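K.L.:
Pasting the sequence and the predicted coordinates here, then a few questions.
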Amino acid sequence: MLVASGTATLEAALFKRPMVVAYNMHWLSWQWMRRQKLLPWVGLPNILLRDDVVPELLQGEATPERLAQAALAWLDDPQRVAALREHFTRLHRELRRNTAQAATDALEKILAR
């Protein structure tokens, strides 16, 4: 998949799909963000797994040629795809929450006051 950075990258990861993350923003915003050096990644799968599990092509790197090359690399390497799916399965397990129980617990605390 070719995915713009954002929530769609997490959705693709939860569907365990290989992807290439691309993003392009206004140059001034990019300069500001780059100087902040908050995280080395922009894609949620890489951020959450704290690793370079999917390629990120940002700004001038996101050319049609580089996007095609990165996407085709997934097709040429089934072992890499299998490893990625294992990463995404682990991520899915880590993110899974019993939201109904969490909501019930929160309401019980409020009502107990």
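P.N.:
Received the coordinates, thanks.
K.L.:
can you give me the strands in the protein?
P.N.:
The residue ranges that make up the strands of the chain, judged by DSSP state E, are 2-4, 20-23, 56-58.
K.L.:
Reformat these as CSV; add mean pLDDT.
P.N.:
Conversion of those to CSV gives the following (pLDDT from 0 to 100):
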stretch, mean pLDDT
strand 2-4, 93
strand 20-23, 94
strand 56-58, 94
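K.L.:
what's the most buried one of the ones you listed?
P.N.:
With neighbours defined by mean count of other Cβ atoms under 10 Å, none of those is more surrounded on average than strand 20-23, at a mean of 22. (Each C-beta comes from the backbone N, C-alpha and C, glycine too.)
K.L.:
how close does residue 63 sit to residue 94?
P.N.:
With distances taken as Cβ to Cβ, to the nearest Å, residue 63 is found 34 Å from residue 94.
K.L.:
Repeat that for residue 28.
P.N.:
36 Å.
K.L.:
Distance check, residue 23 against residue 42.
P.N.:
For residue 23, the distance to residue 42 (Cβ to Cβ) stands at 6 Å.
K.L.:
Overlap in contacts, those two.
P.N.:
A shared contact of residue 23 and residue 42, defined by Cβ atoms under 8 Å, 6 or more residues apart in numbering, is any residue touching both; here these are 5, 56, 58.
K.L.:
Residue 84: which of those is nearest?
P.N.:
Set against residue 84, the nearest of those by Cβ to Cβ is residue 56 (14.0 Å).
K.L.:
ok now stretch 35-52, how far from the chain's centre?
P.N.:
The offset between the C-alpha centroid of stretch 35-52 and the centroid of the whole chain comes to 8 Å, using Cα atoms, centre = their mean, to the nearest Å.
K.L.:
okay, that stretch in PDB with CA atoms only?
P.N.:
The C-alpha trace of stretch 35-52 is given here as PDB (Å, rounded to 0.1, in the frame of the first residue of the first chain):
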ATOM      1  CA  ARG A  35      14.300  21.000  14.000                       C
ATOM      2  CA  GLN A  36      12.100  19.800  16.800                       C
ATOM      3  CA  LYS A  37      13.700  16.300  16.400                       C
ATOM      4  CA  LEU A  38      10.800  14.800  18.500                       C
ATOM      5  CA  LEU A  39      10.900  11.300  16.800                       C
ATOM      6  CA  PRO A  40      12.900   9.800  14.000                       C
ATOM      7  CA  TRP A  41       9.600   8.600  12.300                       C
ATOM      8  CA  VAL A  42       6.300  10.000  11.100                       C
ATOM      9  CA  GLY A  43       4.400   6.800  10.400                       C
ATOM     10  CA  LEU A  44       2.400   5.400  13.300                       C
ATOM     11  CA  PRO A  45       3.600   1.800  12.700                       C
ATOM     12  CA  ASN A  46       7.200   2.900  13.000                       C
ATOM     13  CA  ILE A  47       6.400   5.200  16.000                       C
ATOM     14  CA  LEU A  48       4.500   2.600  17.900                       C
ATOM     15  CA  LEU A  49       7.000  -0.200  17.200                       C
ATOM     16  CA  ARG A  50       9.900   2.100  17.700                       C
ATOM     17  CA  ASP A  51      11.700   0.700  14.600                       C
ATOM     18  CA  ASP A  52      12.000   1.200  10.900                       C
END
